[in-house]
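>>> sequence and predicted structure, then a few things I'm wondering about:
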Amino acid sequence: MARFTRDSVDRVKEAADIVEIVSAHTDLQQRGQDHWGNCPFHEERTPSFKVNPRDKLYYCFGCEASGDVFRFVEEKEGLDFGSAVESLAERYGVELKRENEDPRAEERRRRKARLWELLELTAKYYERYLWESQKARRARGYLEGRGLGEEVLRRFGVGMAPSAWDQVLTGSQRRGFKLEELHAAGLIQKGRQGGRYDRFRTRVTFPIRDQRGRVLGFGARALMPDAKPKYLNSPEGELYRKSHTLYGIDRARGPIAKARRAIVVEGYTDVLALHQAGIEEAVAIMGTAITPEQITMLAGLTESVVLALDADRAGADAMVRAQKVARGKSIELRVAAMPEGEDPADVLGEGSAARFMELVDASIDLPSFRVDVALGRGDLSTLAGRERVLDDVGPVLKAMGETALGFDELVRKVADRLDTDPSLVLARVRSAPEPGDETKSNGAVKSPRPVAVSLTPRETRERALLAMCIADPETGRRFIDQLTDEHLSPSGKPALRWLREHLDDPMAGLPREDAALTSLTTELVMRAESEPASEGAMQLNLDLLELQRLEDGISAAQKAGNYEVSTRLSQERAALTDRIAHAGVIS
Ligand SMILES: [Zn+2]
């Protein structure tokens, strides 16, 4: 996809309110120019997360998560850079321009935009029909019978497709949409005689949207008791792919990030009932098993996913695959077992969330759940029955990973119940078949949490020095000029090169494709605002880096047998240590 022009990206950044955006994920308090709160990227009790509203930057002094407003949206909302820019542009009403776009890509983008428009218009049409037509009384009765009020139905744009064969077909053509576009959007189908007619008729329609709220297709429930199938979905196509979509994700995205948990249910009306009851972190899968793509989507938002669905009925294989993907993304899958014969909407009953939340709180991790199911179902009194249990739990435990918390406990539990030795169970786990490897399925979303890294002493010094140079660029310039690549760590070298040219405004024009440089520069700028810079401290850090450089030189010279150089450098080192000692500052 062609890149947005630098200018339009800058205008989006200018318009975006980073405090408002971060506040959806953690509470911020203003202190001076900055805002502080608990870090939304790691667990903590005292705030070490700082947001700078002027430069639209954030930095965590605990886990070193850092970046600008785009980076934050990428990380917390599971979007790539382009989508983060688009999403903020939409939110803050900025028009985006693209750099000389490849004509074919532009063509594709225009086409998608038209299909989205067509689907949006159709959703609006169905919605109006539901509320305004006499003939929709039955549909309204059905929804009322499910306990769903008008407010939540309107929030999700629920509608009704009329019984006529060609309402959408002719209406859309009048608006200038082509037959081919109606097909691509999944709104019409071809009859046996070659004629075309509306795909959805006499059904309650649930618009299925992407993370950004664009309609991709519909789920549609039959209103006539004998109509088949009971649920008819849009066909898989250019926009709609069942396995890549979660119903309600556009509404649930923020609440999931805030609650640090997603609740996954099976049906459209379950999602509506939960949102109506104030449980807004709920989404629905559109099949029986959660897919790797759906987990990837959620991994961008949270670390914990509670499956409030019939996990026993969903294919065991699919669950094992899901577990494996979840492990790769450091996300925990839990199961909240619904009472026999009840779905989440039933559990909510009169709209009280308490009973449902009790089940969520009592959820257990997926491997434990699968093990319990296998043990409960298996006939442990026969050899064949015990074999069957081992066959069932083997792949589950393997997908869990031997280093996972609770792994040993589960192995012992199975061994106890089967009255056998844990080492035998472990052997079966190791030889269990691998589920299809789908961890590489979607590279768009990065791993959600930055890992706290420990810095080498050299990195600590160089970062302190570079941050002070940014804080006081006039003095800093002199120190920057004295630094060479030999003073610096591998990550420090590109930062030095960048700062030589951009010390006065380090954030301007950062090459975004260079993630390491962008991240380090952001960190340095944020530190620069918090750490006092003094010439003495700068000199000390430079001296210590110089000391390290001399020591590196001495050991290299000794290794090469070059004693002349080694002796000269040792003399320099002695002079330097002397100077450091007499500067009266203790490092
Ligand atoms: Zn943090």
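The structure has been received and is ready for your questions.

>>> verify the stated contact: L88 with F70.
Yes. Taking contacts as C-beta atoms under 8 Å, L88 lies within contact range of F70: 7.1 Å. In this view, the C-beta of every residue, glycine as well, is placed from N, C-alpha and C.

>>> list residues touching both of these two?
Counting by C-beta atoms under 8 Å, 6 or more residues apart in numbering, L88 and F70 have no shared contacts at all.

>>> ok, now which ones touch the residue of the stretch 101-250 of the chain found nearest the ion?
Across the stretch 101-250 of the chain, no residue is closer to the ion than Q211, which sits at 23.9 Å (C-beta to the ion). With contact set as C-beta under 8 Å, 6+ apart, Q211 has these partners: 77-79, 249-250, 253, 297.

>>> including neighbour count, could these go into TSV?
Output for the contacts of Q211, formatted as TSV (neighbours: other C-beta atoms under 10 Å):
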residue	neighbour count
E77	22
G78	25
L79	22
I249	24
D250	19
R253	28
M297	23
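
>>> lowest pLDDT pick from those residues?
Checking pLDDT across those, the minimum falls on G78 at 72.

>>> number of residues surrounding F61?
Counted with other C-beta atoms under 10 Å, the neighbours of F61 add up to 18.

>>> my bad, should have said G141
11.

>>> let me know the helix or strand that it is in.
helix 137-145 (DSSP states H and E).

>>> hmm, who's touching that helix?
Helix 137-145 is contacted by residues 130-131, 153, 158, 160, 204, 221, 223, 269 when judged by C-beta under 8 Å, 6+ apart.

>>> how about a cut-off of 7 Å?
For helix 137-145, the surrounding residues in contact (C-beta atoms under 7 Å, 6 or more residues apart in numbering) are 130, 153, 158, 160, 204, 223.

>>> stretch 189-200 too?
161, 165-169, 179, 186-188, 218, 220, 232.

>>> tell me which of these fall in helices.
Judged by DSSP state H, the contacts of stretch 189-200 include 167-169, 179 as members of helices.

>>> kindly provide the distance from V396 to C39.
From V396 across to C39, the span is 33 Å (C-beta to C-beta, to the nearest Å).

>>> now L466
L466 is 23 Å from C39, by C-beta to C-beta.

>>> ditto for L418
45 Å.

>>> okay, these two: which has more neighbours?
Remark: of L418 and C39, C39 carries more neighbours, 23 against 19, as counted by other C-beta under 10 Å.

>>> please look at that one and Y59 and confirm they touch.
No. With contact defined as C-beta atoms under 7 Å, C39 does not reach Y59; the gap is 9.7 Å.

>>> what packs against the helix or strand bottoming out on mean pLDDT in the chain?
Every helix and strand in the chain was compared by mean pLDDT, DSSP states H and E; the lowest is helix 316-328, with a mean of 76. Contacts defined by 3 or more C-beta pairs under 7 Å, 6 or more residues apart in numbering; DSSP states H and E place helix 316-328 against helix 292-299, strand 332-335, helix 366-377, helix 383-400.

>>> on that earlier part again, make sure I have this right: the residue of the stretch 101-250 of the chain closest to the ion is in a helix.
No. The assignment for Q211, made by DSSP: H, G, I helix; E, B strand; the rest coil, is coil rather than a helix.

>>> inside helices: which ones of the contacts of helix 137-145?
The members of the contacts of helix 137-145 that map onto helices under DSSP H are 130, 153.

>>> which residue sits closest to the residue sitting nearest the centre point of the chain, ignoring its sequence neighbours?
Taking C-alpha atoms, centre = their mean, the centroid of the chain lies closest to G300, which sits 0.9 Å from it. In space, and not counting its chain neighbours, G300 is closest to G78: 1.8 Å by C-beta to C-beta, 6 or more residues apart in numbering.

>>> just read off the phi/psi values of that neighbour.
Phi and psi for G78, reported as degrees, to the nearest 10, are phi 60, psi 40.

>>> wait, it touches Q294, no?
No. With contact taken as C-beta under 7 Å, G78 and Q294 are classed as non-touching, separated by 11.4 Å.
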